[in-house]
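[1] 3D, please:
(2 chains)
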Amino acid sequence: GQNIDQPTEMTATEGAIVQINCTYQTSGFNGLFWYQQHAGEAPTFLSYNVLDGLEEKGRFSSFLSRSKGYSYLLLKELQMKDSASYLCAVIDATNAGKSTFGDGTTLTVKP
Amino acid sequence: DGGITQSPKYLFRKEGQNVTLSCEQNLNHDAMYWYRQDPGQGLRLIYYSQIVNDFQKGDIAEGYSVSREKKESFPLTVTSAQKNPTAFYLCAGGGFSNQPQHFGDGTRLSIL
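    Okay, here's the model as predicted:
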């Protein structure tokens, strides 16, 4: 089975940097996704990591350490529109390749 | 436009009634999924299908049923056996192995 942990809530200031952590336990790790979900809307894909290291995409970066079962999403130059829930999802090759989602981290960006 | 289309956006269910949520896709995804999301929580998998005419139970399948008669369509029925159906329901396609999932806009189901 899988166990995915994320902080429930975070608050940060516009223009700042915030790091959202995700830890997981899985028997057949085969990749990790980050999604963004604004209130009442569908999740949208942000990033994918399968190898250790940092993947950078504009203001957003995602890091993975497979040996530690750990990932983080780094958001730079925060904007008000970044206020949303951020979902970590882990793919388990022993679970028919499906993704299992964490409960999400609700980020509030304040002026 | 390509995508995952869910309907209706809002749905109300009476006591003892079955209701069906529609999900259609034109992205040619083999895999499709139904999730339930309760306030402040993540996504819980109800059912998934990796190929036409085949589907598997997810973590919370009790009180729900699905069909996959064609690749484009994966409707979800919330039966009267589901005693607490009020939630936000999301349909997704893709997401097998290293593919990200593409989500529909969701259906919000409430009890009358």
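[2] Just the endpoints, please. Distance across stretch A:37-46?
    10 Å (Cα to Cα, to the nearest Å).
[3] Give me the residues contacting it.
    With contacts defined as Cβ atoms under 8 Å, 6 or more residues apart in numbering or on different chains, stretch A:37-46 is touched by A:33-36, A:57, A:60, A:62, A:73, A:83-87, A:104, B:43, B:88, B:90, B:100-106. Any C-beta I mention is one placed from the backbone N, CA and C, and that applies to glycine too.
[4] Can you get me a residue count around B:Q50?
    17 (other Cβ atoms under 10 Å in any protein chain shown).
[5] quick one: is the helix or strand hosting it near chain A?
    Per DSSP states H and E, B:Q50 falls inside strand B:43-51. Yes. Contact of strand B:43-51 with chain A (Cβ under 8 Å from any Cβ of the partner chain) involves B:43-45, B:48, B:50.
[6] helices and strands of chain A: which one has the lowest mean pLDDT?
    Lowest on mean pLDDT, DSSP states H and E among the helices and strands of chain A sits strand A:99-101, with a mean of 88.
[7] dump the residue contacts of the residue positioned nearest the centre of chain B.
    By Cα atoms, centre = their mean, chain B has its centre lying nearest to B:W34, at 3.1 Å. Contact analysis of B:W34 by Cβ under 8 Å, 6+ apart lists B:21, B:23, B:45-48, B:58, B:64, B:66, B:74, B:76, B:89-92.
[8] how about a cut-off of 7 Å?
    Going by Cβ atoms under 7 Å, 6 or more residues apart in numbering or on different chains, B:W34 touches B:46-47, B:66, B:76, B:89, B:91.
[9] ok, A:G104 - how many residues close by?
    28.
[10] wait, I meant A:D52
    Using other Cβ under 10 Å, A:D52 has 11 other residues around it.
[11] next one: B:I51
    11.
[12] so how far is chain A from it?
    From B:I51 over to chain A the distance is 12 Å, taken as Cβ to the nearest Cβ, to the nearest Å.
[13] Out of the contacts of stretch A:37-46, list just those in strands.
    The strands, defined by DSSP state E, take in A:33-36, A:57, A:60, A:62, A:73, A:84-87, B:43, B:88, B:90, B:101-103 from these.
[14] which of these count as buried?
    Buried by 16 or more other Cβ atoms under 10 Å in any protein chain shown: A:33-36, A:60, A:62, A:73, A:84-87, B:43, B:88, B:90, B:101-103, out of the ones in strands among the contacts of stretch A:37-46.
[15] for chain A, what are the nearby residues on chain B?
    Taking Cβ under 7 Å from any Cβ of the partner chain as the contact definition, chain B meets chain A at B:41-43, B:48, B:90, B:95-98, B:100-101, B:103-106.
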